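In: prediction below, plus the sequence it came from.
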Amino acid sequence: MTDSALPGFMQPVEEDRRIPVTILTGFLGAGKTTLLNYLLKQPQMAGAAVLINEFGEVGVDHHLVEQVDDSVVLLDSGCICCSVQGDLVKALKGIFMRALRKEIPPVTRVLIETTGLADPVPVVHTVMEEPFIAERYRCDGVITAVDATHAVGQLGDNREAVRQVAMADRLLITKCDLADAAMRAEVAARVAALNPGAEQIEITGGVVDPAVVFGCGLYDVSGKAPDVAAWLGEERVRTQQAVAAARSAPMAWRKSGQPIVAPTAPARHDEGVRSYVLTFSEPLNWFAFSDALGLLLQVYGERILRIKGLLNVIGDPQPRIVQCVQHSVYPPTSLPAWPDEAPYHDRRSRLVFIVRELPRDAVTELFFSIGGVPADPEA
Ligand SMILES: Nc1nc2c(ncn2[C@@H]2O[C@H](COP(=O)(O)OP(=O)(O)OP(=O)(O)O)[C@@H](O)[C@H]2O)c(=O)[nH]1
């Protein structure tokens with residue numbers, strides 16, 4: 001027996017060599033992309049791979065991420081929490097294998113930006129328990145962006161927003177430049193009630209010390225509300241059932257001669273929430289468009305969870321970026337040039353809406369009646 005194996009002697013701690021994964025979540029428009037753009041410029045992001053996911057058919061976010069290169073992977077349309085076994089697993093496996101084959105430099109960490117509607121539970125579960133992934137990656141923390149100006153309403157109306165806060169290791173309270181002390185105190189109390197253990201950090205413009213975002217340590221449910229362990233337990237059962245159904249389906253099919261459809265996963269999102277795109281073929285008059293948008297938010301703001309898009313404005317060679325969260329419109333910005341890739345290569349204006357119980361026709365009618373801005377018919 002060697003000295004070090006004697007009882008009472010400290011055994012060397014084996015280093016965890018798995019790649020740390022940080023999950024950046026937060027409700028629609030909370031400031032995740034703004035934060036990501038800040039982080040991408042920090043030295044701590046050297047060697048990091050970034051996965052971006054969006055709700056809605058026409059992606060806008062990857063055009064808003066300022067440094068898009070090989071290390072940024074776009075998870076195709078569809079919300080990460082609904083297709084987690086598909087896209088996320090495939091993307092993480094792909095990153096690992098490409099680094100192993102030396103097709104990309106070694107990956108030091110992964111940052112996943114979820115959609116604003118994502119339930120973080122299946123994402124955490126996948127990183128911690130999917131066998132291939134869990135052997136190679138470790139969940140290094142859930143960071144949740146909380147919009148100081150909209151969070152109280154969002155937490156009241158959306159189950160996903162509650163889970164995003166409850167699952168967090170750290171809570172970044174964003175848009176503090178737009179919220180007065182009373183508003184910030186109300187948000188702080190509301191999120192502390194859901195997650196008393198997570199540190200709250202107030203930020204503006206996405207500026208945050210990377211040490212706050214990275215290195216939370218292995219994801220741990222202790223210190224979080226008991227719901228968190230229960231949700232992860234339910235997710236384990238749900239995954240086991242899906243795997244069992246997938247395994248037994250071909251056998252049952254063979255016996256009956258009829259295709260057996262595996263039970264579909266229960267919907268994770270509120271059925272009233274949907275996304276659509278308004279496309280405008282003609283370049284837009286900015287003032288007419290702004291008037292129509294203002295009225296739209298005044299009339300339907302409660303039902304508009306998010307609008308973002310790129311506009312072709314008369315007299316402006318650059319695509320103008322429009323961003324709204326409920327009643328709030330943010331100052332427009334521009335991309336340096338129109339993207340070459342579809343669908344934006346045709347330089348038509350596109351606005352992506354995420355709404356609750358708001359039909360597309362109501363929106364197109366309002367745009368037309370006020371600004372005389374005709375949207376293209378639905379594709
Ligand atoms: N004034 C102010 N605006 C902010 C701040 N953070 C974000 N914004 C603005 O809020 C809008 C939404 O921010 P994003 O970073 O796109 O939010 P997101 O969470 O990525 O949005 P989704 O991906 O659609 O869920 C943008 O117009 C940002 O410029 C902030 O701290 N202060």
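Out: Yep, that arrived. Residues are numbered from 1 along each chain as shown.
In: make it CA atoms for all contacts and neighbour counts henceforth
Out: OK.
In: is G141 in contact with F214, as I believe?
Out: Yes: in this structure, G141 is within contact of F214 by CA atoms under 8 Å, at 7.3 Å.
In: number of residues surrounding K32?
Out: Counted with other CA atoms under 10 Å, residues neighbouring K32 total 26.
In: what's the answer for P210, then?
Out: Around P210 there are 14 residues (other CA under 10 Å).
In: identify the contacts common to G141 and F214.
Out: Jointly contacting G141 and F214 under the rule CA atoms under 8 Å, 6 or more residues apart in numbering are T22.
In: more neighbours: the two, which one.
Out: Neighbour count, other CA under 10 Å: between G141 and F214, G141 has more, with 25 against 21.
In: contacts for the helix or strand hosting that one?
Out: Assigned by DSSP states H and E, G141 falls within strand 137-147. For strand 137-147, contacts defined as CA under 8 Å, 6+ apart pick out 18-27, 29-32, 124, 127-128, 164-165, 167-175, 213-219.
In: same question, stretch 205-224
Out: Counting by CA under 8 Å, 6+ apart, 22, 31-32, 34-39, 42, 44, 138-143, 166-167, 169-170, 174-175, 195-198, 228-229 sit against stretch 205-224.
In: for the strand holding G141, buried residues please.
Out: 137-147 (16 or more other CA atoms under 10 Å).
In: and what of stretch 144-159?
Out: Those would be 144-152, 154-155, 159, for stretch 144-159 by 16+ other CA under 10 Å.
In: domain parsing for this protein?
Out: 19-231, 273-371 (automatic domain parsing).
In: nearest to the ligand, out of these?
Out: domain 19-231 (3.2 Å; CA to the nearest ligand atom).
In: how about the domains of the chain in CSV, adding distance to P377 and mean pLDDT?
Out: CSV is the format used below for the domains of the chain (distance: least, CA to CA, whole Å; pLDDT from 0 to 100):
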stretch, distance to P377, mean pLDDT
domain 19-231, 16, 89
domain 273-371, 8, 91
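In: out of those, which is the most enclosed?
Out: Of those, the one with the most neighbours on average (mean count of other CA atoms under 10 Å) is domain 19-231, at a mean of 19.
In: could you give the separation of it from the chain centroid?
Out: 7 Å (CA atoms, centre = their mean, to the nearest Å).
In: does that domain reach the ligand?
Out: Yes: Domain 19-231 reaches the ligand (CA under 6 Å from any ligand atom) through 27-34, 115-116, 174-178, 204-206.
In: in CSV: the domains of the chain, plus distance to A244.
Out: Listed next are the domains of the chain as CSV, based on distance: least, CA to CA, whole Å:
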stretch, distance to A244
domain 19-231, 14
domain 273-371, 30
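In: I'd like to know which of those is closest to A246.
Out: Nearest of these to A246, taken as CA to CA: domain 19-231 at 12.6 Å.
In: ends of that closest one, how far apart?
Out: 24 Å (CA to CA, to the nearest Å).
In: now swap in stretch 96-110 and tell me
Out: Start-to-end, stretch 96-110 (CA to CA) is 10 Å.
In: look up how far G94 lies from the residue nearest to R98 when sequence neighbours are not counted.
Out: Nearest residue to R98, sequence neighbours excluded (CA to CA, 6 or more residues apart in numbering): I104, at 5.9 Å. I104 is 11 Å from G94, where distance means CA to CA.
In: T25 now?
Out: From T25 to G94 the distance is 22 Å (CA to CA).
In: what do you get for I173?
Out: 33 Å.
In: OK, contacts around the closest residue to E378 other than its chain neighbours?
Out: Once flanking residues are discounted, E378 sits nearest to L278: 7.7 Å by CA to CA, 6+ apart. L278 sits next to 350-353, 364, 375-376, 378 when contact means CA under 8 Å, 6+ apart.
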